[in-house]
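In: no sequence on this one, just coordinates:
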């Protein structure tokens, strides 16, 4: 029972990390109608910035804040220099351009930081276990990820769905020319949206950095899961991205934790350990396929504009 509770919390934590990545992607893809394959590279850059700034400042909190700001500025610069010219172009053009950016960022990281991975050590106050309920302890850092991600999710929903700037963002995606005619600087607005998406990706990357090795290409596999999440949840839907990310995080984590024991009843121990992660991924893709057949617009589509 304790193992189930712990793994469920791990699934929630992983799902919320996926939400941060998928939320930025669904903002750019759903609201701005832009396919950004380089979103995973911004996730990677957030992790590298965090490892670098924490080492330079010798302060975990200050390094994290600097890394978040650096990823935000990188996203704004990237949109202004390269991606702004692709708005309104065919999605194939956007895919090809942003795939080129993946190669660019991977080579840039290799040139600046080298091919070896980096690590991001945690301060002592984030390594202690916290008692959730009597008899159940959970790492403080993983618990902090859950709290921060939930706070960001609430803030993001309020900004996009309940504020004037959110209304302008959604209206600009529906009719860019009309918003421009009303005197709104739509280019500046979309630049800020892309910067927000980049910051969310960077936040996910820097929070994952202490758990996994910071390495070249770390954002590519997780980007696939982010696309799966926005397909399941509904393109452009923050609520859909949140709920679908929790589903995917739970399926992946619980599958990897408990499927090996089930598979050992019919397979060898080595084969069961190898097959469990693949089967967990298959379940996620199967869920996406079922959603596409039954409800192509996603389980929680964005409101019609």
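Out: Sure, I can see it. Note that the coordinates shown come from a computational prediction; the quantities given were computed from them, not determined experimentally.
In: in the stretch 51-200 of the chain, where is pLDDT below threshold?
Out: For the stretch 51-200 of the chain, residues meeting the criterion pLDDT under 70 lie at 170, 172-177, 180.
In: so which residues of it form helices?
Out: When secondary structure is read from DSSP state H, counting those that start in this stretch, the stretch 51-200 of the chain shows helices at 60-78, 91-113, 140-162, 164-174, 176-181, 186-208.
In: is it possible to get CSV of these that adds distance to residue 4 and mean neighbour count?
Out: Using the backbone N, CA and C atoms, a C-beta is placed for each residue, glycine as well. What follows is the helices of the stretch 51-200 of the chain, written out as CSV (distance: least, CB to CB, whole Å; neighbours: other CB atoms under 10 Å):
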stretch, distance to residue 4, mean neighbour count
helix 60-78, 31, 19
helix 91-113, 38, 15
helix 140-162, 16, 16
helix 164-174, 38, 16
helix 176-181, 49, 14
helix 186-208, 23, 24
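In: those helices: which one's closest to residue 15?
Out: When the helices of the stretch 51-200 of the chain are ranked by proximity to residue 15, the top entry is helix 140-162, at 8.8 Å, counting by CB to CB.
In: show me the contacts for the nearest residue to residue 144 once chain neighbours are set aside.
Out: If the residues on either side of it in the chain are set aside, residue 144 comes closest to residue 126, at 6.6 Å by CB to CB, 6 or more residues apart in numbering. Residues near residue 126 by CB atoms under 8 Å, 6 or more residues apart in numbering: 60, 140, 141, 144.
In: follow-up on the earlier one: mind putting the helices of the stretch 51-200 of the chain into JSON lines with distance to residue 26?
Out: Putting these into JSON lines (distance: least, CB to CB, whole Å) gives the following:
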{"stretch": "helix 60-78", "distance to residue 26": "15"}
{"stretch": "helix 91-113", "distance to residue 26": "15"}
{"stretch": "helix 140-162", "distance to residue 26": "10"}
{"stretch": "helix 164-174", "distance to residue 26": "12"}
{"stretch": "helix 176-181", "distance to residue 26": "18"}
{"stretch": "helix 186-208", "distance to residue 26": "9"}
